[in-house]
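J.: no FASTA, just this:
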Ligand SMILES: [Zn+2]
């Protein structure tokens, strides 16, 4: 059963990422709004054209601010996963605040889809030391925030002890499946120009050059592994710009021509679970 699975995932942050960094003035808010009011619909139209089901990780803030847009995502048959309530990374939250956000957004997801989320992706890809325990407690089957492999899902450990001057002590493996990600397969660092008081993320890369990397990563999977999953991460306010939408369409067409099977991350995680039961 040689299969090379491609998962297109969309972190539907809208304005929540800007708010979590304190950027609440009208211009940064409008950058996020572009994703909700323009980018998301362009993506939905494109996915429909190629009959591709994606996975959308939607913060509670977006679910409560843009219920109609989120309804359109769900009605189009895409997976709705959990992406926090605020977009503050869990590593910067207390256990109590992290769980509060987990529950609050999950209630919104249940209201939209009829069930709690099975998949979780942490805002800014930074899990806390409590995240795995909380995800298992709240019935999640997979996480998609870590980078310990590229094409092969794996089981998440809990209770590692990591200290500066001591060797790492690894905790126990849990049944939670990790669907690994990579910043190189994420549109944000390549494209988004971000200026803060301490850093500048230049972004604005030539989208065709980035496309070449994204295609080559699939080619490596296809030529070297019998079975595997490649997970791409996009943001509607980033990929939704014209020249990037052209590249997203080229990516879909090229992957299809090269034998990729598209599916949601939830279905890919379930397939891994059947391959390698816990
Ligand atoms: Zn996000």
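T.: That came through, no problem. In this text, all values refer to a predicted model and were calculated from it rather than measured experimentally.

J.: wait, residue 194 sits on residue 238?
T.: No. Contact status for residue 194 versus residue 238: not in contact, 10.7 Å apart, counting by CB atoms under 8 Å. Using the backbone N, CA and C atoms, a C-beta is placed for each residue, glycine as well.

J.: and the lowest-mean-pLDDT helix or strand in the chain, which strands flank it?
T.: With mean pLDDT, DSSP states H and E as the measure, the helix or strand of the chain carrying the lowest mean pLDDT is strand 194-195 (a mean of 89). Here strand 194-195 has these sheet partners by DSSP bridges: strand 200-201 (antiparallel).

J.: what about the residue of the chain positioned farthest from its centre, which SS state?
T.: Seen from the C-alpha centroid of the chain, the residue lying at the greatest distance (CA atoms, centre = their mean) is residue 165, 32.9 Å away. Classification of residue 165 using DSSP: H, G, I helix; E, B strand; the rest coil returns coil.

J.: Name the residues of the protein found near the ion, please.
T.: Residues of the chain that fall close to the ion, judged by CB under 5 Å from the ion: 11, 13.

J.: residues of stretch 21-30 that come out buried?
T.: Within stretch 21-30, the residues that count as buried by 16 or more other CB atoms under 10 Å are 23, 28.

J.: Identify the residues contacting it?
T.: In this structure, residues lying in contact with stretch 21-30 by CB atoms under 8 Å, 6 or more residues apart in numbering are 15, 18, 19, 196.

J.: Show me the two of those residues that sit farthest apart.
T.: The widest separation within the contacts of stretch 21-30, taken as CB to CB, falls between 15 and 196 and amounts to 16.3 Å.

J.: So these two - more neighbours on which side?
T.: It is residue 15, of residue 15 and residue 196, that has more neighbours when counted by other CB atoms under 10 Å, with 25 against 10.

J.: For that one, what are phi and psi?
T.: The main-chain torsion angles of residue 15 are listed as degrees, to the nearest 10 and equal phi -90, psi 0.

J.: which residues touch it?
T.: In this structure, residue 15 makes contact with 28, 29, 31, 32, 33, 36, 61, 65, judged by CB under 8 Å, 6+ apart.

J.: Grab the nearest non-local neighbour of the residue of the stretch 151-278 of the chain found nearest the ion.
T.: For the stretch 151-278 of the chain and the ion, the shortest gap (CB to the ion) falls at residue 235, measuring 6.7 Å. Among residues not flanking residue 235 along the chain, residue 11 sits closest, at 5.3 Å (CB to CB, 6 or more residues apart in numbering).

J.: and the one you found, what does it touch?
T.: Contact partners of residue 11, counting by CB under 8 Å, 6+ apart, are 56, 57, 83, 121, 233, 234, 235.
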